[in-house]
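>>> my questions concern the predicted model and sequence given below.
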Amino acid sequence: MRSTLTEVSELPSQSVGALPEQLSAELISFRRDLHKNPELGRQEFRTTAAIKARLEQAGLRPTTLPGGTGLICDIGATDPDRPRLALRGDLDALPIPDTKQVEYRSTVPGRAHACGHDVHTTVVLGAGLLLAELERAGQLPRPVRLIFQPAEEVMPGGALDVIKADALDGVGRILAVHCDPKVEVGRIGLRQGAITSAVDKLELSMDGPGGHTARPHLTTDLVMAAAKMATELPAVLARRVDPRSGLSVVWGRIEAGHACNVIPQHAELEGTVRCLELNAWRDAPDLIHEVIDQIAGMYRAKWELTYHRGVPPVVNEHDSTELLRDAMMARYGLHSVEDTEQSLGGEDFSWYLEQVPGALARLGVRPVGDTAKRDLHQGDFDVDEGAIKVGVELFTSAALLS
């Protein structure tokens with residue numbers, strides 16, 4: 001088990017694994033190119049080709065995943081006594097417009113890297129290029145695998161594509177970063193245990209014979225039934241599940257009817273299920289089906305639920321979290337790591353952690369002194385590009401300490 005603070009003698013020299021200025025400039029340019037040319041999940045052909053070309057230029061031999069997007073690349077020979085350290089980046093953008101006025105603004109209408117995946121990808125690429133040099137110099141203590149994953153934004157996530165392709169074979173630990181506009185550049189946020197939430201999607205349809213609003217007692221009052229479903233399902237769940245699990249349903253769409261004096265025959269509700277605790281998330285589908293059936297039955301409404309399983313929580317393993325902490329402190333000092341709260345957002349990095357130990361860190365991308373409130377999945381999302389150097393050196397330091 002790793003200690004909270006690694007002995008000074010174990011830490012890598014500040015000169016070993018430092019990002020050269022020329023490569024730093026190249027990586028910023030690479031990130032801007034990705035930002036200008038965003039691609040949605042499982043459509044990241046251009047992005048995959050650009051990464052593959054740069055890795056091959058460095059003398060590496062990347063392998064494209066079976067779906068044609070995403071790739072893996074090994075650094076160092078396979079050694080059964082030294083499992084690989086995997087570094088994961090995600091490739092896909094979001095289907096929203098880029099509203100920034102910058103030179104590297106998206107050139108694809110309705111598409112934007114508004115979650116920082118272009119930064120994650122560039123960080124893993126940069127770390128791979130540095131680690132390849134260290135491996136050639138005999139300074140890499142264990143083999144490394146770079147994982148460039150497609151479709152993180154497409155539930156249940158492209159991580160499952162990677163796992164299905166046996167990309168975790170021989171991997172003993174996996175690390176990742178995620179941009180966080182609340183954390184200042186030059187710092188990372190860490191949390192042992194669950195750092196994100198489980199996220200699922202609900203699509204509920206309700207049906208009845210319809211009728212006149214003058215005679216609701218002769219039919220199924222579907223508007224009332226849908227309204228009760230919208231309010232009562234979350235309320236009942238709050239009394240059926242340990243509140244510490246954080247299980248909640250929040251509706252994003254409800255639709256029923258077309259006229260003020262007509263009881264409709266059909267209603268639809270869509271929403272998300274979020275949960276902070278793994279076991280409660282696993283039990284959620286059966287419980288939600290049961291509660292829906294009880295509420296619909298009171299109004300004689302027929303119903304059909306499509307329950308889209310999303311992702312479990314990302315649960316950071318202790319030793320992997322401490323490895324990231326030690327690696328960051330080794331490079332940037334004691335005050336470069338801050339505690340972070342658990343997010344209710346979902347992240348498919350969680351699927352890897354069902355297979356191997358690992359951890360995700362929040363990479364600070366907020367410019368120093370910037371007090372504006374910013375968030376992910378917004379059209380004006382951007383980063384302080386100094387975060388690329390921080391992420392590269394974090395991963396490189398972690399590989400040297402592992």
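Right, received. Where do you want to start?

>>> pLDDT weak spots in the protein?
Scanning the chain for pLDDT under 70 picks out the ranges 1-16.

>>> which residue is nearest the centroid of it?
The residue lying closest to the centre of the chain (CA atoms, centre = their mean) is E347, at 2.9 Å.

>>> for the residue lying closest to that residue once chain neighbours are set aside, list the residues it contacts.
Counting by CB to CB, 6 or more residues apart in numbering, E347 lies nearest to T196, which is 4.6 Å off, once chain neighbours are set aside. (Glycine included, C-beta is placed from N, CA and C.) Contacts for T196 (CB atoms under 8 Å, 6 or more residues apart in numbering) come out as P313, V314, Q342, S343, L344, G345, G346, E347, S350, L360.

>>> now, which of these lie within strands?
Among these, the residues falling in strands (DSSP state E) are L360.

>>> out of the contacts of T196, which is nearest to I75?
Using CB to CB, L360 comes nearest to I75 of the contacts of T196, at 20.9 Å.

>>> can you name the residues bridging to the closest one?
Beta-bridge partners for L360, by DSSP bridges, are A176.

>>> around it, how many other residues sit close by?
The number of residues packed near L360 is 27, by other CB atoms under 10 Å.

>>> check the contacts of T196 and tell me the two furthest apart.
Greatest spacing in the contacts of T196, by CB to CB: L344 and L360 (15.0 Å).

>>> tell me the phi and psi of the residue nearest to E347?
phi -130, psi 180 (degrees, to the nearest 10).

>>> any idea how far it lies from I288?
T196 sits 20 Å away from I288, going by CB to CB, to the nearest Å.

>>> next: G128.
Taken as CB to CB, the span from G128 to I288 is 42 Å.

>>> these two: which is more packed in?
G128 (29 against 22).

>>> just the closest of the contacts of T196 to D166, please.
Nearest member of these to D166, counting by CB to CB, is S350, at 18.9 Å.

>>> SS state for L168?
Following DSSP: H, G, I helix; E, B strand; the rest coil, we place L168 in the coil state.

>>> what's the closest non-adjacent residue to it?
Q355 (5.2 Å).

>>> might one say that that neighbour is in contact with A167?
No. Q355 is beyond contact range of A167, at 10.1 Å (criterion: CB atoms under 8 Å).

>>> residue boundaries of the helices in this protein?
21-36, 45-57, 117-136, 159-164, 222-240, 278-298, 318-332, 349-353, 386-401 (DSSP state H).

>>> got TSV for those helices, with distance to S205 too?
Converted to TSV, the helices of the chain look like this (distance: least, CB to CB, whole Å):
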stretch	distance to S205
helix 21-36	39
helix 45-57	36
helix 117-136	33
helix 159-164	27
helix 222-240	10
helix 278-298	11
helix 318-332	42
helix 349-353	29
helix 386-401	44
